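Colleague: Provided below for reference: sequence and predicted model.
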Amino acid sequence: MVRNAFKMKLKPGFETEYKKRHDEIWPELANLLSETGIQDYSIFLDEETLILFAVQKISDDFDFDLLPNHPIVKKWWAYMGDIMETNPDNSPVAIGLKEVFHLD
């Protein structure tokens, strides 16, 4: 397993809606994430900056090209696009983060 972390940005005023949508995550999306090798996935919100910090564990053979092309993921991105900073294809603007420390 590899730890993967990235940040995204929430649009102002959508803190409650973002949490609500994730509290009601579609079962088919949750299953897809698990089936493709994503585990222990958390997203944190910095309420001061509206930066979303995500961290997940992914399998060593995780295919980074699979999810962005999957219809369920594209549908989720379209659903979330009104409350987050997004790219032209509705994917969230996600910036990978470099791990500089870890303690088990």
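Modeller: Noted; the coordinates are in hand.

Colleague: now the helices: where do they sit in this protein?
Modeller: 15-23, 27-35, 71-80 (DSSP state H).

Colleague: So which elements touch the first one?
Modeller: Using 3 or more C-beta pairs under 8 Å, 6 or more residues apart in numbering; DSSP states H and E, the elements in contact with helix 15-23 are strand 38-46, helix 71-80. From N, CA and C alone the C-beta is placed, and that goes for glycine too.

Colleague: CA atoms only: put it into PDB for me.
Modeller: Taking Å, rounded to 0.1, in the frame of the first residue of the first chain, the C-alpha atoms of helix 15-23 are listed here in PDB:
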ATOM      1  CA  GLU A  15     -19.000  23.700   3.400                       C
ATOM      2  CA  THR A  16     -22.200  22.100   4.700                       C
ATOM      3  CA  GLU A  17     -23.300  20.900   1.200                       C
ATOM      4  CA  TYR A  18     -19.900  19.300   0.600                       C
ATOM      5  CA  LYS A  19     -20.100  17.300   3.800                       C
ATOM      6  CA  LYS A  20     -23.800  16.400   3.100                       C
ATOM      7  CA  ARG A  21     -23.000  15.000  -0.300                       C
ATOM      8  CA  HIS A  22     -20.100  12.900   1.000                       C
ATOM      9  CA  ASP A  23     -22.200  11.700   3.900                       C
END
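
Colleague: show me where pLDDT drops low in the protein?
Modeller: By pLDDT under 70, the chain has no low-scoring segment.

Colleague: Arg21 - how many residues pack around it?
Modeller: Other residues within reach of Arg21, judged by other C-beta atoms under 10 Å, total 15.

Colleague: show me the contacts for the residue lying closest to it once chain neighbours are set aside.
Modeller: Nearest residue to Arg21 in three dimensions, chain neighbours excluded: Met80, at 6.7 Å (C-beta to C-beta, 6 or more residues apart in numbering). Neighbour list for Met80: 18, 21, 86, 90, 92 [criterion: C-beta atoms under 8 Å, 6 or more residues apart in numbering].

Colleague: now Ile95, which residues is it bridged with?
Modeller: Ile95 has these beta-bridge partners by DSSP bridges: Lys7.

Colleague: Good, we can wrap up now.
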